[in-house]
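**Q** Predicted model and sequence below, questions to follow.
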Amino acid sequence: MSADMNPMFQFTDLTTQHAQMLNLLQDERLALLDGELSRARALLAQLHELQETHIEDEESGLIPYLPEWARWHARVYLAEHRKLSAMLGELRLALEPLPARVPDGTTRLALLDIHAPFRHVLEHHFEREEKGLFVEVQR
Ligand SMILES: [Fe+2]
Ligand SMILES: [Fe+2]
């Protein structure tokens, strides 16, 4: 752990960011449910920005300090980060060509469905970090 880091502040902050990212995803899915594509795109852009900063902070400030006995190896977290970035990029690409409003229910449902794998990986990743990484680097 680097001397210039305040670990307690950092972990609280990162856990808060997990909640913020889940809220952004929830709001984005609600926008899709309403067919509000321009709002959904803006929310995904916000989520993308927060996710990238969050990942950079974890990869520079926490993952290098993971102890050898850690429940999950650093490569597990790193692989999930790459996967989450790629999946979010694909979702943004999928929304890009659509008009600002999508009235068709079938399309809206299909758009919600393609979010399921990302949401699943995101929730499991946060759970893993809060049980593993965040706790283990403090010991
Ligand atoms: Fe992470
Ligand atoms: Fe995280």
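**A** Received, thanks. Ligands and ions are numbered 1, 2, ... in the order given.

**Q** What ranges does the protein have for its strands?
**A** In the chain, no segments count as strands under DSSP state E.

**Q** which helix in it runs the most residues?
**A** helix 7-33 (DSSP state H).

**Q** Buried residues in that one, which are they?
**A** 10-11, 14, 17-18, 21, 24-25, 27-29, 31-32 (16 or more other CB atoms under 10 Å). Yep, even glycine has a C-beta here, placed from its N, CA and C like the rest.

**Q** Stretch 64-79 now?
**A** For stretch 64-79, by 16+ other CB under 10 Å, it's 65-66, 70, 76-77.

**Q** Relative to Ala31, how far out is the residue nearest to Ile63 when sequence neighbours are not counted?
**A** Ranked by CB to CB, 6 or more residues apart in numbering and with sequence neighbours excluded, the top spatial neighbour of Ile63 is Ala74, at 5.0 Å. Separation of Ala74 from Ala31 (CB to CB, to the nearest Å): 35 Å.
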